[in-house]
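[1] generate a structure from the sequence data that follows.
(one chain, ligands or ions: 1)
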Amino acid sequence: MGKAKPKYCEICGAPIRGPGHRIRIEGTELLVCDRCYEKYGKKKPGTFSIMPTGRQPRRSARPVPRPKRELKPKRERPLYTEEIVEDFAERVYRAIQRSGKSYEELSHEVGLSVNDLRAIAHGYREPTIKEARKLERYFKIKLIERVEEEVKEKKVIPRDYEPTLGDIANIRVKKRKK
Ligand SMILES: [Zn+2]
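    Got it, this is the predicted structure:
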């Protein structure tokens, strides 16, 4: 006797011992095991539909866990920006007054041109961060503040964000204004 190919029930997938049974279900001939033959083979075609027997895939009682979203994403750089304080002009102006020195003198010592010093002290323009550092160091005052970027972070729309009808209405309004 040559080795016969193992046969498997075409309904439940169980290995078939012996010759198996050929049955017709919904116009298809199937080779099935004894058990399925018992179950389906003797019924009249068309009176049932094939359901996998016994071995239903086990559904776990717990819902499938969602991938955990990291609560604290690793930050590669500190999340803040450096900004010039609002009342920089007042701070610089008072520092200059306190020093009792002239703009010309200070210009050399601070490392800014007289025009720049004056423009900043009078609030004509904001100092750059670089200029502000020079002024901070020289006058021992604070001109740069760190602003945390949390506000920006909060604006990020979460992946599972679903717009509400209100949001959609807003979006439409915005588009119309263009
Ligand atoms: Zn079977």
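
[2] which bits of this protein sit near the ion?
    By the rule C-beta under 5 Å from the ion, the part of the chain lying against the ion is 9, 11-12, 14, 32-33, 36. For the C-beta atoms, the positions are set from N, CA and C on the backbone; glycine is no exception.

[3] low-confidence ranges, this protein, go.
    Where the chain drops to pLDDT under 70, the residues are 1-4, 43-78, 149-178.

[4] quick check: can you list the domain ranges of it?
    Annotated domains of the chain cover 7-50, 80-148 [automatic domain parsing].

[5] columns mean neighbour count on top of those, output as a markdown table?
    Putting the domains of the chain into a markdown table (neighbours: other C-beta atoms under 10 Å) gives the following:
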| stretch | mean neighbour count |
| --- | --- |
| domain 7-50 | 15 |
| domain 80-148 | 15 |
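
[6] which strand or helix spans the closest residue to G123 other than its chain neighbours?
    Spatial nearest neighbour of G123, chain neighbours left out: A89 (3.2 Å); criterion: C-beta to C-beta, 6 or more residues apart in numbering. Here A89 sits within helix 88-99, counting by DSSP states H and E.

[7] all helices for the protein, in order.
    Along the chain, counting by DSSP state H, helices occupy 34-36, 88-99, 103-106, 114-121, 129-139, 150-154, 165-177.

[8] which residues touch Y138?
    106, 109-110 (C-beta atoms under 8 Å, 6 or more residues apart in numbering).
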